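K.L.:
Predicted structure and sequence below. I'll ask about it afterward.
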Amino acid sequence: MVKTIDGRKIAKELNETTKEKVQQLKKQGIQPGLAVILVGENQASQRYVHMKEKKAIELGINSISKVFPETISESDLLIEIERLNDDPTVNGILVQSPLPKHINEQKVIETIDYHKDVDGFHPVNVGNLFLNVSKPYPVACTPKGVMTLLEKYNINVDGARVVIIGRSSIVGKPMLALMLNANATIIDVHSHTKDITEYTKDADIVISAVGKVATITEADLKEGACVIDVGQNLDKNGKLVGDVDYDPENSKIGYITPVPGGVGPMTIATLMQQTVEMCEWSKLK
């Protein structure tokens, strides 16, 4: 029977470690700070920002929320980001997406000081990741969380055949770089790939980050494969499901991250972990 990778359990352990680090920093008179910017009234974004704020407070991280109307101009938003760049109490800055159409999201990302880019999306940090530089730098939180899960479950990456489904800047591309840096053999498939199953059937590890129900099924996987399901979708009954269609009772898959309870909890836990790490790194500059 397939073994479930318990993201909730690992996220809880990671949060406990983060909380301990915060307590140690506070003894030195230092408190990590996370600033989250929300533009508009997107309900999903509001819920996600609230979850981040709640978790930060729970772990002892100074949480700063900046909420602006959808009508804010791009120039005014960039001014607010620059203020946070200059604020010594802020270690991580995150601008919640999606942004209104009149705001250039890439320009917003590039305005964030790359030392405070807790999402790991700034071109400097993306370059550091693909170059695999030795100095510390932030990495996109979901892929970083996936690597933590694989490590905690002793799933070998070195030399493994890995197929990543999706090529977004948020998951697919940084996931590819992390796997390459960990000595995996990687193939990235996407909407222009003619036959995805040609690659997934031979993969030791399959990571699906498409956001589409039943992107792959058990028939597309080899026996004993490890499947990381990053997708979050609603099925026809309104139930939250991932990209992978499998039978939890009779599956030939070796490991899988369930949806919900797999990768999702790791994203926020990794965000908090990285905020504290960036606070520690700031002392090395």
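P.N.:
Sure thing, it's come through.
K.L.:
I'd like the next helix or strand past the strand or helix carrying residue 94.
P.N.:
Taking DSSP states H and E as the criterion, the element that holds residue 94 is strand 92-95. Under the assignment DSSP H and E, the closest C-terminal helix or strand after strand 92-95 is helix 105-111.
K.L.:
Which elements pack onto that next one?
P.N.:
In terms of contact count using 3 or more CB pairs under 8 Å, 6 or more residues apart in numbering; DSSP states H and E, helix 105-111 is assigned the packing partners helix 74-85. Where you see a C-beta, it was placed from the backbone N, CA and C, and this is true even at glycine.
K.L.:
Apply 10 Å and report the result again.
P.N.:
In terms of contacts (3 or more CB pairs under 10 Å, 6 or more residues apart in numbering; DSSP states H and E), helix 105-111 is packed against helix 74-85, strand 92-95, helix 123-131.
K.L.:
Just say which of the ones you listed is most tucked in.
P.N.:
When you average the neighbours per residue for each of the helices and strands packed on helix 105-111 (mean count of other CB atoms under 10 Å), strand 92-95 leads with a mean of 25.
K.L.:
What mean pLDDT does it get?
P.N.:
Mean pLDDT, strand 92-95: 98.
K.L.:
Keeping just the C-alphas, turn that strand into CSV.
P.N.:
Backbone C-alpha positions of strand 92-95 (Å, rounded to 0.1, in the frame of the first residue of the first chain) are rendered in CSV as follows:
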residue,chain,number,x,y,z
GLY,A,92,11.4,39.3,4.7
ILE,A,93,9.0,41.0,2.2
LEU,A,94,6.3,39.2,0.4
VAL,A,95,3.8,40.8,-2.1
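K.L.:
In three-state terms, label the residue nearest to residue 21 when sequence neighbours are not counted for me.
P.N.:
With sequence-adjacent residues excluded and distances taken as CB to CB, 6 or more residues apart in numbering, residue 21 is closest to residue 276, at 5.0 Å. With DSSP: H, G, I helix; E, B strand; the rest coil as the basis, the three-state label of residue 276 is helix.
K.L.:
Could you check this structure and say which of its helices or strands has the lowest average pLDDT?
P.N.:
Across the helices and strands of the chain, the lowest-confidence element by mean pLDDT, DSSP states H and E is strand 233-234, at a mean of 92.
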